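Novice: what's the 3D shape of this:
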Amino acid sequence: MPKKEYLYRSAAKNKDVFRFLKTNAKLPDIHFISMLQIFIHTLTAYALLVCAMRIGGKRQIGELQITELVTAFMLSEVATLPLSSDNFPLIYSAVAIATVTGAEILIAFLQTKSKRLRTLLSGKPSAVIEKGKLNIREMKKLRMSIEELISEARLCGISDVGELEYAILEDNGKLSVFTKKDLGGKGIAHVIISDGQINEFGMRAAGLSRDQLEKRLKKKNLTASSVFLYTVNDRGEEYIVLKDG
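Specialist: Model prediction:
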């Protein structure tokens with residue numbers, strides 16, 4: 001075979017091999033892009049559901065935190081997709097499940113480190129009855145009627161809301177109630193510092209200003225960052241746990 005013809009045939013053969021490798025090399029990219037799209041879509045849907053539940057209010061969520069409820073809802077939906085559709089591969093469902101689970105774990109961890117994020121996602125407790133007085137403004141903010149409050153109190157074994165010293169709607173949507181008899185005149189313990197972070201809601205409930213708090217800590221040679229838990233009840237009695245035990 002002449003050398004020139006041999007070179008032409010080799011080039012053509014190499015070109016076919018290159019075309020084959022190029023065509024087959026695209027297949028993994030298609031799957032990767034699809035899984036990336038599922039990852040992004042799942043995160044977007046997760047964020048939208050969290051926002052929707054957050055706007056909807058605390059009374060809808062019952063015993064779970066908002067992110068926990070969204071996670072449970074999305075996992076139940078995603079897990080059944082491969083069973084209901086042959087066009088949805090199991091690997092795609094696994095990517096979505098891993099994304100939702102990872103997002104929940106990451107958010108739960110970040111909430112322990114950031115008070116602002118915890119307040120943004122989970123909200124904060126709302127006192128609808130405080131020191132025996134009905135907080136009408138807070139009830140309007142929560143879109144809670146007096147009938148709903150009375151009903152919730154009955155579910156807690158309280159027949160007369162006039163007996164209540166405190167009624168607090170927790171960030172998981174559950175109502176905590178305390179009667180005057182239960183508290184024995186001490187009132188509830190307000191969390192002022194939690195894991196080194198000052199709780200503005202607790203300070204207001206206890207009637208403390210930041211200056212007053214700093215003076216109390218200074219008398220004990222403490223700083224907020226060195227305190228794991230600091231509570232004050234309605235009598236002004238303190239309870240302090242330091243980070244070093």
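Novice: how close does V232 get to A72?
Specialist: With the distance defined as CB to CB, to the nearest Å, V232 ends up 36 Å from A72. Placement of C-beta: from N, CA and C, glycine included.
Novice: who has more neighbours out of these two?
Specialist: Regarding V232 and A72, a neighbour count based on other CB atoms under 10 Å identifies V232 as having more, with 24 against 13.
Novice: what residues go with each domain of the chain?
Specialist: The chain is divided into the following domains under automatic domain parsing: 3-121, 125-188, 189-245.
Novice: distance from the last one to the middle of the chain?
Specialist: Once both centres are worked out by CA atoms, centre = their mean, to the nearest Å, domain 189-245 turns out to sit 25 Å from its chain's centre.
Novice: dump the helix or strand that contains A94 to CSV, restricted to CA.
Specialist: Using DSSP states H and E, A94 sits within helix 90-113. This file holds the C-alpha atoms of helix 90-113, laid out as CSV (Å, rounded to 0.1, in the frame of the first residue of the first chain):
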residue,chain,number,x,y,z
LEU,A,90,-34.2,6.6,40.8
ILE,A,91,-30.8,8.4,40.8
TYR,A,92,-32.7,11.7,40.3
SER,A,93,-34.9,11.0,43.2
ALA,A,94,-31.8,10.2,45.3
VAL,A,95,-30.2,13.5,44.3
ALA,A,96,-33.4,15.4,45.4
ILE,A,97,-33.6,13.5,48.7
ALA,A,98,-30.0,14.1,49.5
THR,A,99,-30.4,17.8,48.6
VAL,A,100,-33.4,18.2,50.9
THR,A,101,-31.8,16.3,53.8
GLY,A,102,-28.6,18.2,53.4
ALA,A,103,-30.4,21.5,53.4
GLU,A,104,-32.3,20.6,56.6
ILE,A,105,-29.1,19.5,58.4
LEU,A,106,-27.2,22.6,57.2
ILE,A,107,-30.0,25.0,58.2
ALA,A,108,-30.4,23.3,61.6
PHE,A,109,-26.6,23.7,62.2
LEU,A,110,-26.6,27.4,61.1
GLN,A,111,-29.6,28.2,63.3
THR,A,112,-27.5,27.1,66.3
LYS,A,113,-24.8,29.6,65.3
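Novice: in the next helix or strand after it, which residues are buried?
Specialist: Going down the chain from helix 90-113, the next helix or strand is helix 115-122, by DSSP H and E. Within helix 115-122, the residues that qualify as buried by neighbour count (16 or more other CB atoms under 10 Å) are 115, 118, 121-122.
Novice: could you dump these to a markdown table with distance to A153 and pLDDT?
Specialist: What follows is the buried residues of helix 115-122, written out as a markdown table (distance: CB to CB, whole Å; pLDDT from 0 to 100):
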| residue | distance to A153 | pLDDT |
| --- | --- | --- |
| K115 | 30 | 75 |
| R118 | 27 | 78 |
| L121 | 28 | 76 |
| S122 | 24 | 72 |
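Novice: quick one: which of these is nearest S93?
Specialist: Of all the buried residues of helix 115-122, L121 has the smallest distance to S93: 25.8 Å, by CB to CB.
Novice: tell me the contacts of the closest one?
Specialist: Taking CB atoms under 8 Å, 6 or more residues apart in numbering as the criterion, L121 is in contact with 50, 54, 65-67, 107, 111.
Novice: now, which of those lie within helices?
Specialist: 50, 54, 66-67, 107, 111 (DSSP state H).
Novice: good, we can wrap up now.
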